[in-house]
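**Q** Requesting a structural model of the entry that follows:
(one chain, ligands or ions: 1)
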Amino acid sequence: MESQDNQKLHDLLESNRNKRKIIYKKREEIKLLEKEIQSNRQIISKLCKHEWVKDPPMINERTTYTCKICHQDKNSYFYNY
Ligand SMILES: [Zn+2]
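**A** Next up, the predicted model:
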């Protein structure tokens, strides 16, 4: 019985180790994809002729605008690029 428990323990530890490896790998993949999206966004922002449309109003919020073509918000267009 005890050796069965040991085996189970060993398997579970091994299983978690593998899962952590997979998580790490996927996080790296996500980071890379985020970077690619960011760099695409900068190019999109330069290529787009931006058509700003008013966002639906929110309570206690200033009026904001979003481009209906590339979906960028006007604030980030002026302050981040
Ligand atoms: Zn745009």
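**Q** Run through the strands of the chain in chain order.
**A** 52-54, 65-67 (DSSP state E).
**Q** List the strands paired with the first one, with their directions.
**A** Pointing back at strand 52-54 there. strand 65-67 (antiparallel) (DSSP bridges).
**Q** what's the average pLDDT for the partner strand?
**A** Mean per-residue pLDDT for strand 65-67: 95.
**Q** quick one: buried residues of that strand?
**A** Buried residues in strand 65-67, counted by 16 or more other C-beta atoms under 10 Å: 65, 66, 67. (C-beta placed from N, C-alpha, C; glycine too.)
**Q** Over stretch 28-40, what's the mean pLDDT, rounded is fine.
**A** 97.
**Q** Tell me how far that stretch lies from the chain's centre.
**A** 8 Å (C-alpha atoms, centre = their mean, to the nearest Å).
**Q** Kindly report the residues of this protein close to the ion.
**A** Contact residues (C-beta under 5 Å from the ion) of the chain with the ion: 48, 50, 67, 69, 70.
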